[in-house]
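S.K.: Return a 3D structure for these sequence lines:
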Amino acid sequence: MSQPASQQQQESSKNQQEYQDCLPCKLTGAGAFGGLGAYALLEAQKIHKLPGKQSTAVGLGVVGVVFVSAGLYRLVI
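M.R.: Numbering: from 1, shown residues only. I've put the predicted structure just below:
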């Protein structure tokens, strides 16, 4: 006989709460996101100097900030 739905939900939420990333996984993810964000920010600075490319530079800057933020989030959470 199958288990009630509420009991199945409790077991699945318990399994999800127990999972924790290891420190090397967090560091690798944070480094990857942070590095990609830093690269995008540096490229945005280079492109900003070219005439007619300011909107591209702003877009890359936003992407860079998002990835750096994702790296910090990955490290902390």
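S.K.: Counting neighbours, what do you get for residue 44?
M.R.: Here the number of neighbours of residue 44 (other C-beta atoms under 10 Å) works out to 20. All C-beta atoms are positioned from the backbone trio N, CA, C, and that covers glycine.
S.K.: Oops, could you answer that again for residue 27 instead?
M.R.: 13.
S.K.: for the closest residue to it other than its chain neighbours, what are its contacts?
M.R.: Leaving aside its sequence neighbours, residue 27 sits nearest to residue 75 (C-beta to C-beta, 6 or more residues apart in numbering; 7.3 Å). Each residue near residue 75 by C-beta atoms under 8 Å, 6 or more residues apart in numbering is listed here: 26, 27, 29, 30.
S.K.: counting contacts, what elements does the helix or strand where the last one lies pack onto?
M.R.: Under DSSP states H and E, the secondary-structure element containing residue 30 is helix 23-48. Under the contact criterion of 3 or more C-beta pairs under 8 Å, 6 or more residues apart in numbering; DSSP states H and E, the helices and strands touching helix 23-48 comprise helix 54-76.
S.K.: how big is the angle separating the helix it packs on from helix 23-48?
M.R.: Relative orientation of helix 54-76 versus helix 23-48 (axes from the mean of the first three to the mean of the last three C-alpha atoms, to 10 degrees): 170 degrees.
S.K.: tell me the phi and psi of residue 52?
M.R.: As for residue 52, its main-chain torsions (degrees, to the nearest 10) stand at phi 80, psi 10.
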